[in-house]
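Visitor: quick one, structure for this:
(2 chains)
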Amino acid sequence: MTLSTPTPEEKTLPSELQPFREQLKCSFEMIDEVFEDCILDAQRRLSDEGIKAYLKGASLICMIGRGVEPVLQYMEVIPELAQKVGEEVITLISDGVWEASRTPNGVSIPPFMATLGEAGRRLGSLEHIQHYLEILFDMMERTTGSIHGHHTTEPSPGLPDLLNQMPYLLSQVSLEGLKNWVDYGVRNYGDHPERQRDFFSLQSADSRAMLQRERHGTLFADNERNLGIYLQALWQDKDYLVPYSTGFDELRQPVPYYDKLGMRIPDVYDDIIDNNNGNMLVSGIDRYRAVLAHMVAHRRWSSPIIADNFSPFQRITIETLEDARVEYLAIQEYPGLKKLWLSLHPVPIEGECNQEGVSCIRHRLAMLSYALLNENHGYQNKDILQTVSEFKALMQSKENTETKDIVNIALGYITRTRRQEDQAAKIFFDNTTVDYRDDNRRLWVFIEDGDEEEQFDDHENKKADEEEEIQALPPRHYPEWDYNTKSYRPDWVSLYESLHPSGNPADIDKLLEKHAALAKRLKQILDMLKPQNYVRIRYQEEGSELDLDVAIRSLIDYKSGSQPDPRINMSHKHDGRDIAVTLLLDLSASLDDIPAGSSQSLLELSQEAVSLLAWAIDKLGDKFSIGGFFSNTRHDVKYLHMKGFSERWDDDVKARIAKMEAGFSTRMGAAIRHAGHYLGKQKADKKLLLILTDGEPADIDVNDSKLLLKDAHKATAEQDSNGIYTHCISLDPKADEYVSDIFGSHYTVIDNVNRLPEKLPQLFLALTK
Amino acid sequence: MSELDIEQYKVTSEPYYEPQDNEVTWYQAAYNARLPVMVKGPTGCGKSRFIEHMAHKLDKPLITVACNEDMTASDLVGRFLLDANGTRWLDGPLTVAARIGAICYLDEVVEARQDTTVVIHPLTDHRRTLPLDKKGEVVTAHPDFQLVISYNPGYQSLMKELKQSTKQRFVAMDFDYAPAKVEASIIARETGVDADTAKKLVKIGGVARNLKGHGLDEGISTRLLVYAAHLMNQGISPTDACKMALVRPITDDADIRQTLDHAIDSVFA
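Guide: As a prediction, this is how the structure comes out:
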């Protein structure tokens, strides 16, 4: 590398900067164009040592053979970055780039340089930048492919995509979160270039799900119950809360809304931080509450009005006033809401929107909205003042205002304030977005059918809809354990639950009659197990306390000279049964098999066994539920309820058991988690999950036979940590090979399947004695 | 038993009670017919206060027994004790009440073991007698004697259920938390806080009662609301007083605590 030949531009370089130019060993012409600016910038920000390192680094990057682009980026970004985090970062970056250029990943260098500016702003310390580089290099090394073993020849497929997403990623997650997310992608898609690209470009669903989990802020997923309780407690309202993703729709941010399917709210809210002192102004959970309170206020006090008669401007004005009206009513109920809403409401500055040809309609309405919420608004505009006083007068005039009452005030305001420019294409948006308010779609009914017809339903039917029980439940998502990576795949399995279809209950009665002799024997055992709760044992020589009556009698005996009874103590024993049991039936296709030496299929035998067991447990009075499951890939795991905890052993339940059918595969983990979900909510000292299965976990979309086995094992471990004891009853004679891998020592293999109806209740009694 | 001081069982100053319905008349009718009464209702809604109030109104002594699982029949009926000269019989509270013609109030009777509660049976039907088998005496109840039990159906479990044979000896009265307006006036009257504060306290009580069965076994009782008002009178800020008196005692569930704390902040803005 030689010094650059003189060019016209270089001649204009001031002579005092000439020595610097000579230190930069790079001859691209474009460098000369920007050199002066860059070096002046660097001089302002860096020490002499720093400038030396800076130019040396630039020379290094010039030598990697990636053209002028990386050099220019480097020269532009580094001075600011180095000033911010320290000058050590200069060599760190140039060495890093040099290293990367020695791998097949040279193509990623320009995007990498492009992320540095954002990284510097977000990360802000040398350690963090170092950490950031480590994450990138680690990812690069692990995804750079080799064809023949030792030479790495294939560039990392995902790296450019990752770098392109970096500004967004850094804005969403912490470095720790970034590392976890990248790790997950590399582990799962390391050897699959296309999927790797999908993952790192945030295209694939699990990439988003993973990222969601790592996000900062208050996640809906963590607070679903909390918010449900909030609705129930403060508003006596209840609906599905459906989160929508805020992360990926950059162009058009979704807005909260509610319709007959539920209340839609963002999946995450960050805390609002005061930029000046870093204090928290509004916490994420309070932002959720603000949204819900606003929507509930609409549900309670708004009634739809006919939209067709109003122009769009009139409609948004009515919406603004209606928002203010329901908030006013809600504040009457909970005065604290005012502070919360005010802290989230933008504060439009009077006269802020003053450009020619810009529509100020939103600005004017936001001002009105602010003035209606905050009496200390300080606005001078007489239209606003007049509308605010009209509004106040209306709200104070009667207790039960209605949506239609504010229409006239709204129309008056919009008519008085209309401007020619309102029609302009350019709209003033600053300080006008009230992000806790919903989009008011339920406020309007259209007489003429528009395209939106389906979004609106009758107000009259609203109440009825709410009371109607929802028949088809939305799927519930469960994670699945991947033993290869020792991590959960988030929301991997979709589980659909429903009631088991019903058959003829008389069939079950017949089965029970058939086993009448067995039932009689069981009944004797059951009577002995009947709960006694707290039992006092009297006449003890040693016990927990003195039995006063006996003691006095003994003393009287003693004083009167006869032999006293020394058994004057008593103790207590707890002899209650407080057990909740769920019986989980594997309904996979293999259940139709007829085992060797039997005339009945496994299904029929299971039916008999389950009926007897259910009868026995009902006699005992333990809390008991029955569920069955089968699966058809991870997208469709079915969980069928046969008996709920609150149901008695009656014809409804018998009818469901009579209709038991076999089909599809055995994805056990999700079913265990789901059964555990319900069982865990039962109040009982002991919780027992009995699983009746005839084979090992398997599904048609899984090739690795160990995967579902390990997942089921993990699922039982989860239940264990939840205080649920899991016990498996396997009908598979070969079960010994795998069943202990799942259930440890908590299993029973029934070799002679014909004896199942007898064994199952006995086993249950032995387990719970 | 002439040395027994009946006066100690009298309710001397009138306990404040705000009727929600005709319960005073009903109770009086039951007393006139000397029918045993069962009062049911959630904890802290005013059952015991009502009985005290009625005892005062009727000017009868009141003997209250708080029942517990360790209680034996002897604890109710009486037992022999030793003294220098040998043994001495000591009447239990139930026997005392039957002798002097008091109202005997068994509080939270389900807490007592079922075999213990059986001893009240002969007193609660037409016999109105109490056999003291150990002593060999049959106490015939004084004409003024009446038995009252209280019972909180909240903790429903198979174990904590009265026997049918016990249940069917009583006339029953249901109690519940008073309607918001009445409850607010009770709190104001009881503690001297202003009407607005009382109203806000009742509002918070209502919020928690909405959660009954959704994570709370019982809502916030009137008693706790009164406690909160007392704390405020001591100069504790309303939000702190509410958190201390209303939220911390009733639940350890983090989500519910957060929600109730938020409700308190919203109401006492």
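Visitor: can you give me the helices for chain B?
Guide: Counting by DSSP state H, chain B has these helices, from start to end: B:23-32, B:47-58, B:73-77, B:93-100, B:114-117, B:164-167, B:180-191, B:195-209, B:222-233, B:238-242, B:254-267.
Visitor: name the residues of the stretch 101-250 of chain B found near chain A, please.
Guide: Within the stretch 101-250 of chain B, the positions adjacent to chain A are B:Arg113, B:Lys134, B:Leu158, B:Met159, B:Lys203, B:Val207, B:Ala208, B:Asn210, B:Leu211, B:His214, B:Gly215 by C-beta under 8 Å from any C-beta of the partner chain. Placement of C-beta: from N, CA and C, glycine included.
Visitor: need the contact list for the nearest residue to the fifth one once chain neighbours are set aside.
Guide: Think B:Lys203. Closest residue to B:Lys203 apart from its sequence neighbours, by C-beta to C-beta, 6 or more residues apart in numbering or on different chains: B:Val267 at 5.3 Å. Residues near B:Val267 by C-beta atoms under 8 Å, 6 or more residues apart in numbering or on different chains: A:Tyr334, A:Pro335, A:Gly336, B:Lys200, B:Lys203, B:Ile204.
Visitor: spit out the contact partners of the first one.
Guide: Counting by C-beta under 8 Å, 6+ apart, A:Tyr334 touches A:Leu234, A:Ala293, B:Ala263, B:Ser266, B:Val267, B:Ala269.
Visitor: contacts only, for the residue lying closest to B:Thr166 once chain neighbours are set aside.
Guide: Closest residue in space to B:Thr166, ignoring its immediate chain neighbours: B:Thr117 at 5.5 Å, by C-beta to C-beta, 6+ apart. Taking C-beta under 8 Å, 6+ apart, we find B:Thr117 in contact with B:Val109, B:Leu162, B:Lys163, B:Thr166.
Visitor: where does the chain have low pLDDT?
Guide: Let's take chain A. Filtered on pLDDT under 70, chain A yields the residue ranges A:1-12, A:146-152, A:247-251, A:448-472, A:526-534, A:574-577, A:769.
Visitor: my bad, the chain I had in mind was chain B
Guide: Scanning chain B for pLDDT under 70 picks out B:1-3, B:154-161.
Visitor: and the spatially most central residue of it, how far is that from chain A?
Guide: Ranked by distance to the mean C-alpha position of chain B (C-alpha atoms, centre = their mean), the top residue is B:Ser48 at 3.3 Å. Counting by C-beta to the nearest C-beta, to the nearest Å, the gap from B:Ser48 to chain A is 25 Å.
Visitor: count the neighbours of the residue nearest to A:His677 when sequence neighbours are not counted for me.
Guide: What sits nearest to A:His677 in space, not counting adjacent residues and going by C-beta to C-beta, 6+ apart, is A:Arg476, at 8.0 Å. Neighbour count for A:Arg476, taken as other C-beta atoms under 10 Å in any protein chain shown: 17.
Visitor: number of residues surrounding residue 122?
Guide: I'll assume chain A. Counted with other C-beta under 10 Å, residues neighbouring A:Arg122 total 17.
Visitor: wrong one, I was asking about chain B
Guide: Count around B:Pro122 with other C-beta under 10 Å applied: 16.
Visitor: what sits against it?
Guide: Taking C-beta under 8 Å, 6+ apart, we find B:Pro122 in contact with B:Arg128, B:Thr129, B:Leu130, B:Pro131.
Visitor: any idea how far the residue lying closest to B:Tyr17 once chain neighbours are set aside is from chain A?
Guide: Using C-beta to C-beta, 6+ apart and skipping residues adjacent in sequence, the residue nearest B:Tyr17 is B:His53, 3.8 Å away. The spacing between B:His53 and chain A, counted by C-beta to the nearest C-beta, is 32 Å.
Visitor: which parts of chain A sit against chain B?
Guide: Within chain A, the positions near chain B by C-beta under 8 Å from any C-beta are A:223, A:225-226, A:228-230, A:232-234, A:236, A:285-286, A:289, A:333-340, A:531, A:533-534, A:536, A:548-549, A:552, A:555-556, A:559, A:576, A:621.
Visitor: just the buried ones from those?
Guide: Buried subset of these (neighbour count, 16 or more other C-beta atoms under 10 Å in any protein chain shown): A:223, A:226, A:228-230, A:232-234, A:285-286, A:289, A:334, A:336-338, A:340, A:533, A:548-549, A:552.
Visitor: among those, which lie within helices?
Guide: Those of those lying in helices (DSSP H): A:223, A:226, A:228-230, A:285-286, A:289, A:336-338, A:340, A:548-549, A:552.
Visitor: farthest pair within the residues you listed?
Guide: Using C-beta to C-beta, the pair of those lying farthest apart is A:Lys338 and A:Ile552, separated by 68.9 Å.
Visitor: give me every residue that touches the residue of the stretch 251-400 of chain A found nearest chain B.
Guide: Taking C-beta to the nearest C-beta, chain B has its nearest neighbour within the stretch 251-400 of chain A at A:Gly336, 3.2 Å off. The contact partners of A:Gly336, taken as C-beta under 8 Å, 6+ apart, are B:Asp265, B:Ser266, B:Val267, B:Phe268, B:Ala269.
Visitor: surely the second one and A:Lys338 touch.
Guide: The one in question is B:Ser266. No - counting by C-beta atoms under 8 Å, B:Ser266 sits too far from A:Lys338 to count as a contact (9.2 Å).
Visitor: contacts for stretch A:558-570, please.
Guide: So stretch A:558-570 is contacted by A:536-547, A:550-551, A:553-555, A:557, B:86 (C-beta under 8 Å, 6+ apart).
Visitor: and these, which of them are buried?
Guide: Members of the contacts of stretch A:558-570 classed as buried by 16+ other C-beta under 10 Å are A:Gln540, A:Gly543, A:Asp547, A:Val550, A:Ala551, A:Arg553, A:Ser554.
Visitor: next, A:Gln355: secondary structure please.
Guide: coil (DSSP: H, G, I helix; E, B strand; the rest coil).
Visitor: show me what contacts it?
Guide: Neighbouring residues of A:Gln355 by C-beta under 8 Å, 6+ apart: A:Phe428.
Visitor: ok, it to B:Ala208 distance?
Guide: To B:Ala208, A:Gln355 is 53 Å away according to C-beta to C-beta, to the nearest Å.
Visitor: hang on, A:Ser108 packs against A:Asp161?
Guide: No - checked against C-beta under 8 Å, the pair A:Ser108 and A:Asp161 is beyond contact range at 9.6 Å.
Visitor: tell me which of the two has more neighbours.
Guide: Between A:Ser108 and A:Asp161, counted using other C-beta under 10 Å, A:Ser108 has the larger neighbour count: 24 against 21.
Visitor: domains in chain A, by residue range?
Guide: Domain segmentation of chain A under automatic domain parsing yields A:8-214, A:218-467, A:505-527+A:578-768, A:533-575.
Visitor: can I get these in TSV including distance to B:Met232?
Guide: Formatted as TSV, the domains of chain A follow (distance: least, C-beta to C-beta, whole Å):
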stretch	distance to B:Met232
domain A:8-214	43
domain A:218-467	17
domain A:505-527+A:578-768	35
domain A:533-575	41
